[in-house]
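Trainee: generate a structure from the sequence data that follows.
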Amino acid sequence: MYDFDQIQNRVGTGSVKWDKQGSFGVESGLLPFWIADTDFSSLPEILEAVKNRCNHPLIGYSDYDDSCLKAIQGWYSRRHNLNVPLSYLLPAGGVVTSLRFSIQALTEPGDKILAFSPVYDPFFAIIRNTGRILADSRMKYENQRYTIDWKDAEMHLKSGVKAVIFCNPHNPVGRVWSREELKQLVYLCKKFNVYLLSDEIHGDITLYENRYTSMGVFSEIHNKLIVYTAISKTFNMAGLISSCMIIPDQELKDTVEEALASAWIFGPTALAFPAIEAAYTYGDKWVDEQNRYLAGNADMVMKFIDSEMPEVGYVKPEGTFLMWLDFRCLGLTSKKITGILAEKYKLALGDGSHYGEQADGFMRLNIGTSRGTLNMGLLKLKEFYDDCRG
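Mentor: A predicted model of the protein is given here:
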């Protein structure tokens, strides 16, 4: 058994989540539930592998070998029923960086890129900052659950979209897309001959018996598909820069690899390679226990809201360690809520409006922490709610 209930003191470690809170108007000191890393100790075998690498007195330019790739391959085979030939794998730095250079390599300035909002806000940034045009397909929000508006998506695709950036599982709304939903998106991408860029960084974190399906299972889109993954969310290793792309088409893989190399952006760090290998070799039980703990945290949040803040809505998360809360009952903007929580209640949550204009009044809550810390945060939220309701 792993101890996810242990409270870890991260203050003074250079943690963006705990020590670098300038975006909230303070240097530090807020109880943080915002940026998407967890407060869980990483898998011990990962830490041991990194320590063993540091026992060698030199950490120079390094590259991956087959043992690292085979660990990734084995993980996807036994965990996700996906056969990934080693030739499909391209270790890289960060997922967002890889997405940005994929867009630059595969599309032209002025091209339309489709995303489904509300969605992870760097998607908006990398589309606009590369001179592309955002085609924003707003998802339907009904009965506290999000679904894709297929008519709207097809309308955008007909208008000349060149690529789709997809989030599977979805950040921030916690959907683990069904195989049928994924198949429908693959069908549309195939129909309109567009690239499918699938960010699957949260793929290992599924709750309540929901099953993640990788876009990689759909061979009919392999000539236009890139899957992006990493150990960063699964194993809380975001600071190590350790992602990987799965690119079935060799010509497409060469194109993206050349785009990265032309900017002198290469793969993971020397310490990341042993970490990746250890994570995907020894991490099964750890991930299963983490997912059960996160489901318990989600239960705790939902029960607390139902009992103590009954007018607040929420989406029951199917995956990720992020919860999407609906505070529109208070009549405040997300920006206003964020400011009040930070200034008066010393609490840091994610501003929902960052994920789409229609999400104003929503907030993103990171539940990847100990139950003791989560309880402190919920009590502060209740205090805020009670004060607002008068």
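
Trainee: and the closest residue to D63 other than its chain neighbours, how far is that from S243?
Mentor: Ranked by C-beta to C-beta, 6 or more residues apart in numbering and with sequence neighbours excluded, the top spatial neighbour of D63 is G267, at 6.9 Å. C-betas here are computed from N, CA, C, even on glycine. Counting by C-beta to C-beta, to the nearest Å, the gap from G267 to S243 is 9 Å.

Trainee: which residue, other than its chain neighbours, is closest to N81?
Mentor: In space, and not counting its chain neighbours, N81 is closest to V217: 7.5 Å by C-beta to C-beta, 6+ apart.

Trainee: can you report how many residues lie near the one you found?
Mentor: Close neighbours of V217, defined as other C-beta atoms under 10 Å, add up to 15.

Trainee: what pLDDT is listed against it?
Mentor: Note for V217: predicted pLDDT of 98.

Trainee: my read: it touches S77, true?
Mentor: No - using C-beta atoms under 8 Å, V217 and S77 do not qualify as a contacting pair, with a distance of 12.0 Å.

Trainee: and the residue nearest to D63, how many neighbours?
Mentor: When neighbours are counted by other C-beta under 10 Å, G267 registers 20.

Trainee: three-state assignment of it?
Mentor: Counting by DSSP: H, G, I helix; E, B strand; the rest coil, the backbone at G267 sits in coil.

Trainee: give me the number of residues near the closest residue to G12 other than its chain neighbours?
Mentor: Once flanking residues are discounted, G12 sits nearest to D19: 6.8 Å by C-beta to C-beta, 6+ apart. The local packing of D19 (other C-beta under 10 Å) involves 15 other residues.

Trainee: what does I35 give?
Mentor: For I35, the number of neighbouring residues by other C-beta under 10 Å comes to 17.

Trainee: ok, N375 next?
Mentor: Here the neighbour count serves as a burial measure; for N375 (other C-beta under 10 Å) it reads 15.

Trainee: now do the contacts for it.
Mentor: M300 (C-beta atoms under 8 Å, 6 or more residues apart in numbering).

Trainee: for I367, see how far away it is.
Mentor: When distance is defined by C-beta to C-beta, N375 is 11 Å away from I367.

Trainee: and P172, by the same measure?
Mentor: Separation of P172 from I367 (C-beta to C-beta): 12 Å.

Trainee: find residues that contact each of those two.
Mentor: Common contact partners of P172 and I367 (C-beta under 8 Å, 6+ apart): L322.

Trainee: who has more neighbours, those two?
Mentor: Legend: neighbour count by other C-beta under 10 Å for P172 and I367, higher for P172 (30 against 24).

Trainee: which non-adjacent residue is nearest the more buried one?
Mentor: Distance criterion C-beta to C-beta, 6+ apart; nearest residue to P172, sequence neighbours excluded, is R364 at 4.5 Å.

Trainee: what pLDDT, on average, does the helix or strand containing that neighbour get?
Mentor: Per DSSP states H and E: R364 is located in strand 362-366. In this model, strand 362-366 has a mean pLDDT of 98.

Trainee: report the inter-axis angle for whichever helix or strand comes after that strand versus strand 362-366.
Mentor: Remark: after strand 362-366, the chain's next helix or strand is helix 371-389, criterion DSSP H and E. On the basis of axes from the mean of the first three to the mean of the last three C-alpha atoms, to 10 degrees, helix 371-389 is oriented at 160 degrees to strand 362-366.

Trainee: now helix 371-389, how far from the centre of its chain.
Mentor: Relative to the centre of its chain, helix 371-389 is centred 25 Å away, using C-alpha atoms, centre = their mean, to the nearest Å.

Trainee: go on, stretch 355-373?
Mentor: Distance of stretch 355-373 from the chain centroid (C-alpha atoms, centre = their mean) equals 13 Å.

Trainee: which positions within that stretch qualify as buried?
Mentor: Within stretch 355-373, the residues that qualify as buried are 355-356, 359-370, 373, counting by 16 or more other C-beta atoms under 10 Å.

Trainee: got the end-to-end distance for that stretch?
Mentor: With C-alpha to C-alpha, to the nearest Å as the measure, stretch 355-373 spans 25 Å from end to end.

Trainee: likewise for stretch 135-155?
Mentor: Criterion C-alpha to C-alpha; first-to-last residue distance in stretch 135-155 is 10 Å.

Trainee: and the contacts of it?
Mentor: 112-118, 156, 159, 161, 170, 173, 175, 181, 184-185, 188, 313-316, 326, 356, 358.
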